[in-house]
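Engineer: Everything below, folded, please.
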Amino acid sequence: MPLSKLGLSPEIIKALRDRGYKEPTAIQTELIPAMMSGRDVMAGAQTGTGKTAGFVLPILQKLIQRSIPESSEAEQHILRALILVPTKELARQVEEHIQEYSFYLPLKSTVVYGGSPIAAQSKRIKTGIDILVGTPGRVLEHLEQKTLDIKGVDYFVLDEADTILDMGFIREVMRIIQFMKQKRQNIFISATLPGALKELSQELLHKPLQIEMSTMGSVAELVKQVLHPVEKEKKLELLSYLIGFRNYDQVLVFVRKKEVADEVAKELNTAGLKTAVIHGDRTSGARSRALSDFKEKKVCVLVATDIAARGLDIKNLDVVVNYDIPHVTQDFIHRVGRTGRAGRKGIAITLSSPEESIALKSVERMIGKVLQVEVIPGYAPPVEEVRKRAINKDSEKKGKTSGAFGKKKTGTTTKKRKTTKRDGFGSAPTPEKKNKKKSGRRRSRK
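Structural biologist: Residues are numbered from 1 along each chain as shown. From the prediction side, this is the model:
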């Protein structure tokens, strides 16, 4: 289907063609008409399939169809669309897309997130905007300080909704909703549609159209996935070897913990590989510079934690490395989805130590296939050692029981309980005791 068939204005089509868009993706073909209908929508699709354009374009189209009064500039731009996202990086990214798609339109947008001066954000909002992108915490802060009014919002988008739930922002979201009018269009966008999100949609959405382009554990077909077994102590060495020996141009490395991210970045820089790092403890400015340097290929490697890198759109990224298996199994989908975007091929490498065998099985269960194993001589753990560890784990499982108080007794013997006077005024005397009592009475009479 050509772009012209989606009911978008010539100005929007022109902006899209400037960006190299020729035809809509599968999710855009489904999502844009669904949003144009005015109904609530819950959409799930693989990362890198164009979900952002899918919900931004129809909002732009609807906003320019509204009549704009001939008055001051601040009055002309009234906030009509609110887009909530889980992280600063994703907020900036979505705002960049809005600026690109609305280049030829008389619309204004801005972005708000924590770590940036709230006074400067308030000033931009006061000048008048049509679209606001923000993280839940900072949006709520503006509402409580009365520097933001969302009573006129007609279009409410929860982007990366599954991540917003995982990060515990649901309370902030529910508070923000209380500041909005009831009659509005709600759109939930997510890479996965877990049960918790579907339950939330039943509470907040009104008879939503559900668009699910892929199953929960699906990964883009163009992404080649490889698993390298490795000793835990040799992971850093193997990572450095893979990047250097294979001459990877640009590599995004995911780790579980912030301290591990710093350690990996330090070692790679020492090895001569220009590396930047982003995680929750880095300032907003430092994270922005790191991401910008990586996109501009000033650094070869970007090391990131899952939370910091959610929703990152890095064009032409060919290689993603899972330095370890993520805590949350669904994060594996988000990690791998950073490559193989917009129809390009990609490689997703997973470094797995024997200690991560259970987490690895959970990932393989979710994606519905066993990862292709490639052994790198000198780094893989001995086969015998892996077998022993597997046996030990199995034996540990067998030794445990489902009971709450430890191991169940296998025998059928029961311990005799002592009787007391309260047990029916004493226990019933045995025949031997009866005879002894009788004989005793007879002797006393004599």
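
Engineer: what about the stretch 301-446 of the chain, any weak spots by pLDDT?
Structural biologist: Residue ranges of the stretch 301-446 of the chain with pLDDT under 70: 308-311, 342-343, 383-446.

Engineer: where along it do the helices fall?
Structural biologist: 331-336, 357-367, 383-399, 431-445 (DSSP state H, counting those that start in this stretch).

Engineer: The stretch 1-150 of the chain now?
Structural biologist: Ranges of helices in the stretch 1-150 of the chain, per DSSP H, counting those that start in this stretch, are 10-18, 26-36, 51-65, 73-76, 88-101, 118-126, 136-144.

Engineer: Using the three-state scheme, assign R282.
Structural biologist: When classified by DSSP: H, G, I helix; E, B strand; the rest coil, R282 comes out as coil.

Engineer: what about it, neighbour count?
Structural biologist: Counted with other CB atoms under 10 Å, the neighbours of R282 add up to 21. Heads up, the C-betas are built off the backbone N, CA and C, glycines and all.

Engineer: what about the closest residue to L242 other than its chain neighbours, distance to L291?
Structural biologist: Using CB to CB, 6 or more residues apart in numbering and skipping residues adjacent in sequence, the residue nearest L242 is I349, 6.8 Å away. Separation of I349 from L291 (CB to CB, to the nearest Å) stands at 21 Å.

Engineer: for G168, same thing?
Structural biologist: In terms of CB to CB, G168 sits 24 Å off from L291.

Engineer: what does Q330 give?
Structural biologist: 23 Å.

Engineer: Just want to know which of the two has more residues nearby.
Structural biologist: Using other CB under 10 Å as the criterion, Q330 and L291 rank with L291 on top: 22 against 19.

Engineer: what angle separates the helix or strand containing the more buried one from helix 88-101?
Structural biologist: Taking DSSP states H and E as the criterion, L291 maps to helix 284-295. Here the directions of helix 284-295 and helix 88-101 differ by 60 degrees (axes from the mean of the first three to the mean of the last three CA atoms, to 10 degrees).

Engineer: If you count neighbours, what's buried in helix 284-295?
Structural biologist: For helix 284-295, the neighbour count (16 or more other CB atoms under 10 Å) marks 287-288, 290-291, 294-295 as buried.

Engineer: average pLDDT for that helix?
Structural biologist: Here helix 284-295 scores 88 as its mean pLDDT.

Engineer: Could you do stretch 171-191 as well?
Structural biologist: Stretch 171-191 shows a mean pLDDT of 93.

Engineer: Straight-line length of that stretch, end to end?
Structural biologist: Start-to-end span of stretch 171-191 (CA to CA, to the nearest Å) is 21 Å.

Engineer: do the same with stretch 321-330
Structural biologist: Using CA to CA, one end of stretch 321-330 lies 16 Å from the other.

Engineer: how about it: buried residues?
Structural biologist: 321-326, 329-330.

Engineer: Low-confidence ranges, the stretch 1-150 of the chain, go.
Structural biologist: Along the stretch 1-150 of the chain, segments meeting pLDDT under 70 span 1, 67-75.

Engineer: and stretch 173-186, which residues are buried?
Structural biologist: For stretch 173-186, a neighbour-count test (16+ other CB under 10 Å) marks 173, 176-177, 179-180, 184-186 as buried.

Engineer: that older thread, what helices and strands are in contact with the helix holding L291?
Structural biologist: Judged by 3 or more CB pairs under 8 Å, 6 or more residues apart in numbering; DSSP states H and E, the packing partners of helix 284-295 are helix 88-101, strand 275-278, strand 301-305.

Engineer: Next, the angle strand 301-305 makes with it.
Structural biologist: Using the same axes, to 10 degrees: helix 284-295 against strand 301-305 is 140 degrees.

Engineer: Would you mind writing the CA trace of helix 284-295 as PDB?
Structural biologist: The C-alpha trace of helix 284-295 is given here as PDB (Å, rounded to 0.1, in the frame of the first residue of the first chain):
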ATOM      1  CA  SER A 284      21.200  13.200  31.500                       C
ATOM      2  CA  GLY A 285      23.900  15.100  29.700                       C
ATOM      3  CA  ALA A 286      26.400  12.300  29.900                       C
ATOM      4  CA  ARG A 287      23.900   9.800  28.600                       C
ATOM      5  CA  SER A 288      23.000  12.100  25.700                       C
ATOM      6  CA  ARG A 289      26.600  12.600  24.800                       C
ATOM      7  CA  ALA A 290      27.300   8.900  24.900                       C
ATOM      8  CA  LEU A 291      24.400   8.100  22.700                       C
ATOM      9  CA  SER A 292      25.200  10.900  20.300                       C
ATOM     10  CA  ASP A 293      28.800   9.800  20.000                       C
ATOM     11  CA  PHE A 294      27.700   6.300  19.300                       C
ATOM     12  CA  LYS A 295      25.200   7.300  16.600                       C
END
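
Engineer: ok now it, how far from the chain's centre?
Structural biologist: Taking CA atoms, centre = their mean, to the nearest Å, one finds helix 284-295 lying 20 Å from the centre of the chain it belongs to.

Engineer: repeat for stretch 338-348
Structural biologist: Per CA atoms, centre = their mean, the centroid offset for stretch 338-348 relative to its chain is 18 Å.

Engineer: Please name the nearest non-neighbouring residue to I13.
Structural biologist: Nearest non-adjacent residue to I13, counting by CB to CB, 6+ apart: L3, 5.5 Å away.

Engineer: Serialize the buried residues of helix 284-295 to a markdown table and add fields for distance to L79.
Structural biologist: Formatted as a markdown table, these follow (distance: CB to CB, whole Å):
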| residue | distance to L79 |
| --- | --- |
| R287 | 27 |
| S288 | 25 |
| A290 | 31 |
| L291 | 27 |
| F294 | 33 |
| K295 | 30 |
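
Engineer: ok, so of these, who is nearest T305?
Structural biologist: R287 (10.9 Å; CB to CB).

Engineer: any idea how far E374 is from P58?
Structural biologist: 44 Å.

Engineer: who's more crowded, these two?
Structural biologist: Under the criterion of other CB under 10 Å, the comparison of E374 against P58 puts P58 first, with 27 against 11.

Engineer: how near is E267 to P381?
Structural biologist: Relative to P381, and taking CB to CB, E267 is found at 20 Å.

Engineer: Then E263?
Structural biologist: On the measure of CB to CB, E263 and P381 end up 21 Å apart.

Engineer: same check, this time on L197
Structural biologist: With distances taken as CB to CB, L197 is found 38 Å from P381.

Engineer: Check S352 too.
Structural biologist: S352 is 10 Å from P381, by CB to CB.

Engineer: No further queries at this time; thank you.
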